[in-house]
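Novice: Everything below, folded, please.
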Amino acid sequence: MERNTIGKILNFLKEKEGKEYPMNWNLIERLETHPDGIQYKHDSSLPLSYTRITKLPNDLYVGGSLFLKDTNITKLPDKLYVNRTLSLTGCSELTKLPNDLYVGYILNLEHTNISEIPDNLFVGDDIYVYGTPLSRKYTHEEIYEMIKLRGGELVGKIFR
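Specialist: Residues are numbered from 1 along each chain as shown. Here you go, the predicted model:
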């Protein structure tokens with residue numbers, strides 16, 4: 001069966017019958033090989049936790065949540081927009097967040113190696129920083145102040 005046909009069948013099942021199905025078998029390959037300079041838009045959530053994904057396309061728009069728990073990702077793309085939750089729990093290879101990161105709901109950085117706040121970070125709810133160099137290095141007040149000084153905004157609270 002051709003890839004195109006399988007994709008149409010999976011989309012039909014999801015849209016018309018409301019059935020859940022396993023993550024699209026070629027999604028990771030498409031994300032890792034997506035050319036730069038073109039926005040990649042995914043209208044729903046991207047459940048990529050526990051996968052072998054190592055790269056995401058630049059200028060990525062995720063209409064739902066992006067789950068990358070316990071992946072080997074080392075860098076997040078520029079111009080990353082996540083409408084709901086961005087979960088990076090256990091991404092121990094991750095040391096830095098991109099500038100201009102937009103997260104509409106929760107940003108979970110637990111057990112990453114994030115040690116600083118990027119420029120223009122927007123988080124519409126809470127940030128979880130337990131087990132990060134950021135939480136060991138700074139107080140709540142200092143993290144809030146860094147976000148503000150770097151042109152960002154945090155609507156919710158910081159949990160350590």
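
Novice: Can you give me the neighbour number for residue 112?
Specialist: 24 (other CB atoms under 10 Å). The way it works is simple: take the backbone N, C-alpha and C, and place the C-beta from them, glycine included.

Novice: same deal with residue 105?
Specialist: So residue 105, with other CB under 10 Å, has 17 neighbours.

Novice: Which pLDDT value belongs to it?
Specialist: At residue 105, the predicted lDDT confidence score is 97.

Novice: tell me the domain ranges of the chain?
Specialist: Using automatic domain parsing, the domain parsing of the chain gives 1-33, 35-159.

Novice: Please determine how far residue 156 is located from residue 122.
Specialist: Distance of residue 156 to residue 122, given as CB to CB, to the nearest Å: 11 Å.

Novice: Tell me where the model's unsure across this protein.
Specialist: Applying pLDDT under 70 to the chain flags residues 1-26.

Novice: Try it again at 90.
Specialist: 1-40, 42-43, 50-55, 58-59, 78-79, 160 (pLDDT under 90).

Novice: Please enumerate the helices of it.
Specialist: With DSSP state H as the criterion, the chain has helices at 3-17, 27-32, 133-137, 140-149.

Novice: quick one on the thing from earlier: return the most buried member of the domains of the chain.
Specialist: Ranked by mean neighbour count, the domains of the chain are led by domain 35-159 with a mean of 17 (mean count of other CB atoms under 10 Å).

Novice: All the strands of the protein, residue numbers only.
Specialist: For the chain, the strands defined by DSSP state E cover 40-42, 46-47, 60-62, 66-67, 81-82, 86-87, 102-103, 107-108, 122-123, 127-128, 153-154, 158-159.

Novice: In a markdown table, list those strands along with distance to residue 93.
Specialist: Converted to a markdown table, those look like this (distance: least, CB to CB, whole Å):
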| stretch | distance to residue 93 |
| --- | --- |
| strand 40-42 | 22 |
| strand 46-47 | 18 |
| strand 60-62 | 18 |
| strand 66-67 | 16 |
| strand 81-82 | 19 |
| strand 86-87 | 15 |
| strand 102-103 | 20 |
| strand 107-108 | 16 |
| strand 122-123 | 22 |
| strand 127-128 | 18 |
| strand 153-154 | 25 |
| strand 158-159 | 22 |
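
Novice: closest to residue 116 out of these?
Specialist: strand 127-128 (13.2 Å; CB to CB).

Novice: name the helices or strands packed onto that closest one?
Specialist: Under the contact criterion of 3 or more CB pairs under 8 Å, 6 or more residues apart in numbering; DSSP states H and E, strand 127-128 touches strand 107-108, strand 158-159.
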